[in-house]
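1. Take a look and give me a structure for this.
(chains A, B, C and D)
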2 protein chains.
Amino acid sequence: MTVDTKTRILDAAERLFAERGFGSTSLRNITTAAGVNLAAIHYHFHSKDVLLENVITRRSDVVNQRRLEMLERFRQEAAGAPVPLERLLQAFLAPSFDWVRESGEAGLRFAKLMGRLHAEGGISQKLMISKFGPVVEVFHTALQESLPGLPAQELWWRVHFSIGAMAHTLRWSQQMVELIPGHAPTPPDTELALGRLISFLSGGFRVPASAATGVNS
Amino acid sequence: MTVDTKTRILDAAERLFAERGFGSTSLRNITTAAGVNLAAIHYHFHSKDVLLENVITRRSDVVNQRRLEMLERFRQEAAGAPVPLERLLQAFLAPSFDWVRESGEAGLRFAKLMGRLHAEGGISQKLMISKFGPVVEVFHTALQESLPGLPAQELWWRVHFSIGAMAHTLRWSQQMVELIPGHAPTPPDTELALGRLISFLSGGFRVPASAATGVNS
DNA sequence: GTCTATAACTTGATAGAC
DNA sequence: GTCTATCAAGTTATAGAC
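-> Here you go, the predicted structure:
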């Protein structure tokens, strides 16, 4: 039950960044919430930017590795043939949703943070691109094999539409009640959300390449 | 060419909120960029929160009204029959993309701001729900008529997936270069993005209602 | 309506004792 | 590793002259 100062800081920072955003959270907010001294944050992380990077990396490394492992498993199942679209979507999306489900409160917090950081700029933006960009490229390549008719450019657009839908869903997973009028207050059901997202996106990816696409694709 | 102080403040605030986010932008940043005095901002808007509300309302009122007008026009074209899905998506999405295209720099700035505020919390969150919620409800109802097989709950999920994709696209419309490896640096083409988003989403909405949906839909 | 001046407080960061 | 003390800079907000 006793956790060290460094972890306490990471936990508190993750929660506060998720709730108020990076720019609106002060180091003093974090130290107060974590019950540690202000100087400790500088001792362990040197600066606010480095702290954010540590907050992200602690989770993104796990999620990204699971993504690649899942992709690899589906590749072996496919035995040389292209991996089916739904499998690719599952390999990319499930690790984040799963982690959110398994981790309870902490998972929901990180989901919110990821969704938020996807939309922020400055240092958050650079970190998101560097932490998730390479894995997204791997999946783009795999998608090209599974959807051979689609120009690479158009596929990139669809990948980004999907990332937007995912980020938004993670961001609001706790608060669908506020968004859906008349929605009975149910606990967040990430498994339901994941299934629906996968089937929705699969429909989008399967739409034939647009005809009037000449110039820019 | 001469604009009054109030407009100068709104313009500068819109730009800075878009670039750095609400929490990371100080009133002094705004007054410096606008070339006005710090006190002017308090005189005209009373507080930072009210300023944000004015920044949003100035644009959202226009976009939302165009959405409803376009929907009404398509309703009349349909002559009592349900409005076709692509038309509904167009009526919802085109006004924002059009406004962005027509307004050049200012349009791109506001696009970025909207995309960003969709993901933020606190006061931004409340404002987004209050400014866009009612219009989204109107479109949800129209979508139900056009997609009669879909349970209302599942349709809500899909609406939110779409809003996520839209927000993310607007947010990054200026910077696809950074996101798409090997993408030749082209000027942002919002018309192309709109067309591709509509066809992608239409595929998603047309997927039959999920089978394993019993409990929660 | 716009300015200066300033109050009252918070910010990220560091130096140095223990 | 953790503390107190403190810094210089920046923060929202207001009072009052013009």
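2. Show the contacting residues for the residue most central in space within chain A.
-> Closest residue to the average C-alpha location of chain A: A:Met114 at 5.1 Å, with Cα atoms, centre = their mean. The contact partners of A:Met114, taken as Cβ atoms under 8 Å, 6 or more residues apart in numbering or on different chains, are A:59, A:96, A:167, A:170-171. Backbone N, C-alpha and C define where each C-beta goes, glycine included.
3. Show me those that map onto helices.
-> Counted as lying in helices by DSSP state H, out of the contacts of A:Met114, are A:59, A:96, A:167, A:170-171.
4. who touches the residue lying closest to A:Phe139 once chain neighbours are set aside in this structure?
-> Excluding the flanking residues, the one nearest A:Phe139 by Cβ to Cβ, 6 or more residues apart in numbering or on different chains is A:Phe92, at 5.2 Å. Going by Cβ under 8 Å, 6+ apart, A:Phe92 touches A:67, A:71, A:139.
5. Check whether A:Phe92 sits in a helix, strand or coil.
-> Local secondary structure at A:Phe92 is given as helix here, using DSSP: H, G, I helix; E, B strand; the rest coil.
6. Might you enumerate the residues of chain A proximal to DNA strand D?
-> A:4-6, A:36-40, A:43-44 (Cβ under 7 Å from any atom of the strand).
7. Can you lay out the contacts of A:Met114 as TSV showing distance to DNA strand C?
-> Shown next, in TSV, are these (distance: Cβ to the nearest atom of the strand, whole Å):
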residue	distance to DNA strand C
A:Arg59	21
A:Ser96	27
A:Ala167	24
A:Leu170	25
A:Arg171	22
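8. Provide a PyMOL selection command restricted to the buried entries of the residues you listed.
-> Those of the contacts of A:Met114 that count as buried under 16 or more other Cβ atoms under 10 Å in any protein chain shown are selected in PyMOL with:
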select buried, chain A and resi 59+96+167+170+171
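9. nearest to A:Ser210, of the contacts of A:Met114?
-> Closest approach between the contacts of A:Met114 and A:Ser210, by Cβ to Cβ: A:Ala167, at 24.0 Å.
10. What distance do you get for the closest residue to that closest one other than its chain neighbours to DNA strand D?
-> Leaving aside its sequence neighbours, A:Ala167 sits nearest to A:His118 (Cβ to Cβ, 6+ apart; 4.0 Å). Between A:His118 and DNA strand D the distance is 24 Å, computed by Cβ to the nearest atom of the strand, to the nearest Å.
11. thinking A:His118 is in contact with B:Ala119, fair?
-> Yes. The pair A:His118 / B:Ala119 is scored as a contact, 6.6 Å apart, by Cβ atoms under 8 Å.
12. Not counting residues beside it along the chain, what's closest to A:Pro208?
-> A:Gly149 (6.9 Å).
13. And for the one you found, the neighbour number?
-> Using other Cβ atoms under 10 Å in any protein chain shown, A:Gly149 is surrounded by 7 other residues.
14. Can you say which helix or strand has the residue nearest to the centre of chain A in it?
-> Taking DSSP states H and E as the definition, one finds A:Met114 inside helix A:104-119.
15. What angle do helix B:104-119 and that helix make with each other?
-> 180 degrees (axes from the mean of the first three to the mean of the last three Cα atoms, to 10 degrees).
16. No more questions from me, cheers.
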